[in-house]
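Enquirer: predicted model and sequence below, questions to follow.
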Amino acid sequence: MADADIGSIYPTKIPGYDANADIQAALRLYHYGSNTYLTSNTDEAQLVNPSIAYHLKTIQDSIDAINALGAGGTVSATEPTTVSEGYVWLDSSSTPGVSPVNPTAIYISTEPTSPTDGTLWVVKGSSPLLMKIYDSATSTWKTIGA
């Protein structure tokens, strides 16, 4: 069975338009990029590029890389026990200032631009780790613990 490429953004294969296709082979071709691909294969390095399976693996790799960065945080009354670099914990039992604020946490090495009141800046690469909070009343960064 001859195959044809479809799609230009995320290309994959389909049976040629002029060929009669076995549905099993056609699905294998579409999903795995080859109608002879062994579906019992467990080695992800053997996935054919382009194929839907290869694209799905690329998406999963990207998700794993984002999770490994540790970007994120939680609002909880109990301190987290496992965290990654850049993780921010906001103690839900803490009391914010007189008026409610909507803080944002930023983990970068350079001073953030256009912060809002209550923005938390964790200075990436500082040792010991330096944390600052933005005070819009004075337009300054206040170092936490200073």
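Expert: Noted; the coordinates are in hand.
Enquirer: CA atoms for contacts and neighbours, from now on please.
Expert: Fine.
Enquirer: where along the chain do the helices fall?
Expert: 23-32, 52-69 (DSSP state H).
Enquirer: give me the mean pLDDT for the shortest one.
Expert: Averaging pLDDT along helix 23-32 gives 87.
Enquirer: and it with helix 52-69, angle?
Expert: With axes from the mean of the first three to the mean of the last three C-alpha atoms, to 10 degrees applied, the angle from helix 23-32 to helix 52-69 works out at 30 degrees.
Enquirer: S34 contacts R28, correct?
Expert: Yes: here S34 lies in contact with R28, judged by C-alpha atoms under 8 Å, at a distance of 6.4 Å.
Enquirer: other residues contacting the lowest-mean-pLDDT helix or strand in the chain?
Expert: Each helix and strand of the chain was given a mean pLDDT (mean pLDDT, DSSP states H and E); the minimum falls on strand 88-91 at a mean of 71. Contacts to strand 88-91, defined as C-alpha atoms under 8 Å, 6 or more residues apart in numbering, come from residues G72, G73, T74, V75, S76, A77, T78, E79, P80, A105.
Enquirer: who wins for proximity to L129 among the helices of the chain?
Expert: With C-alpha to C-alpha as the measure, helix 52-69 is the member of the helices of the chain nearest L129 (17.4 Å).
Enquirer: rewinding a little: among the contacts of strand 88-91, which two are most distant?
Expert: Using C-alpha to C-alpha, the two most remote members of the contacts of strand 88-91 are T78 and A105, lying 18.7 Å apart.
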